[in-house]
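Give me a model of this one.
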Amino acid sequence: MKSKASFKSHPVHPILVSFPIAFLIGTFVSDMIADISGNNSFWNTGYYLVIAGIIMGLIAAIPGLIDYLFTVPPKSSAKKRGLKHALVNVSHLILFFIAFLIRRNDNPNTTLILILEAAGVILIFVAGWLGGTLVYRNQIGVDPRYAEAGKWKEAYFEETKEKIKVADKDELKLNQMKLLHVGSKRIVLGKTEKGYVAFDDHCTHKGGSLAGGAMICSTVQCPWHGSQFDVNNGQVKAGPAKENIHTYPLTESEGNVYLQF
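Residues are numbered from 1 along each chain as shown. Just a heads-up that it's a prediction; the model follows:
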């Protein structure tokens, strides 16, 4: 088993993103005031704000990249949305950086600078909308809890054709789930009234993470759109999903739970 840190949530990310948003919008506002009033002190303020905004934007991109690589479910609608979010963020940073280079000239074209910054501000709002959708609709970086769900559990394993020990017999509480990374596969281990079950961590509707949903009475519900599946056989119990999920056989021996392929 490979030991890795869990990337379930990044509470620092929403804190960091507020800085580049404030600094870069402040840059545009300061430059607008400077252009209208002719007061160069606002122009100087914008100069330092854009430097701070670009730097903080690059710093805030680090936890965002980690979320995209490790938290956003693969082959899902959130993965596509996350890519769009990243591209829009990079685009507005490039626009502000170009404006910054222009303003360093001896006779900068203030009109062009304001146009670039205005476009950058529009993209900031677009990126914010995409980011908000990722958090509130796709629950990226959110650690949902429900009654008796227990603490979030996640483990990494090398991909193999042999059986893998994935838990101790008493490790999970009733209706608790654990996300298993077996090579490139994401598999959910859960404990029901009938015992342990294992199934793909991939809703067949939009690819939501079932490990981030809720499980009760042998039914798991996707947190994105509410599709429900029978965790014993993978059959759809409620839509919008129409395709079943894949389940995996488990065995118990000497107090351990083993996943088989």
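
Run through the strands of the protein in chain order.
All strands of the chain, identified by DSSP state E, fall at 154-157, 164-168, 177-182, 185-192, 195-200, 214-216, 219-221, 228-230, 236-238, 247-248, 250-253, 256-259.

which helices and strands does the shortest one pack with?
Read that as strand 247-248. Applying 3 or more CB pairs under 8 Å, 6 or more residues apart in numbering; DSSP states H and E, one finds that strand 247-248 makes contact with strand 195-200. From N, CA and C alone the C-beta is placed, and that goes for glycine too.

quick one, the strand it packs on and strand 185-192 angle?
160 degrees (axes from the mean of the first three to the mean of the last three CA atoms, to 10 degrees).

Need the residues that contact strand 195-200.
166-167, 172, 180, 185-191, 210, 218, 220, 229, 231-232, 234, 245-250, 252, 257, 259 (CB atoms under 8 Å, 6 or more residues apart in numbering).

and those residues, which are buried?
Taking 16 or more other CB atoms under 10 Å as the criterion, what is buried in those is 166-167, 172, 180, 185-191, 210, 218, 220, 229, 231, 234, 245, 247-248, 250, 257, 259.

Tell me who's in contact with Ile216.
Asn175.

Equivalent analysis for Leu93, please.
Per CB under 8 Å, 6+ apart, neighbours of Leu93: 20, 54, 57-58, 120.

what's the closest of those residues to Phe97?
Nearest to Phe97 among these: Ile54, at 5.9 Å, using CB to CB.

domains in the protein, as residue ranges please.
12-136, 154-259 (automatic domain parsing).

Rebuild the ones you listed as CSV, extending it with distance to Val142 and mean pLDDT.
Supplementary listing: the domains of the chain in CSV, determined by distance: least, CB to CB, whole Å; pLDDT from 0 to 100:
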stretch, distance to Val142, mean pLDDT
domain 12-136, 6, 94
domain 154-259, 8, 92
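
For Leu259, give the beta-bridge partners.
Counting by DSSP bridges, Leu259 forms beta bridges with Ile164, Leu250.

mind checking how far it is from Ala155?
Taking CB to CB, to the nearest Å as the measure, Leu259 falls 11 Å from Ala155.

With adjacent residues omitted, what lies nearest to the residue most central in space within the chain?
The chain has Ile140 as the residue nearest its centroid, 3.6 Å off, counting by CA atoms, centre = their mean. Once flanking residues are discounted, Ile140 sits nearest to Leu134: 4.5 Å by CB to CB, 6 or more residues apart in numbering.
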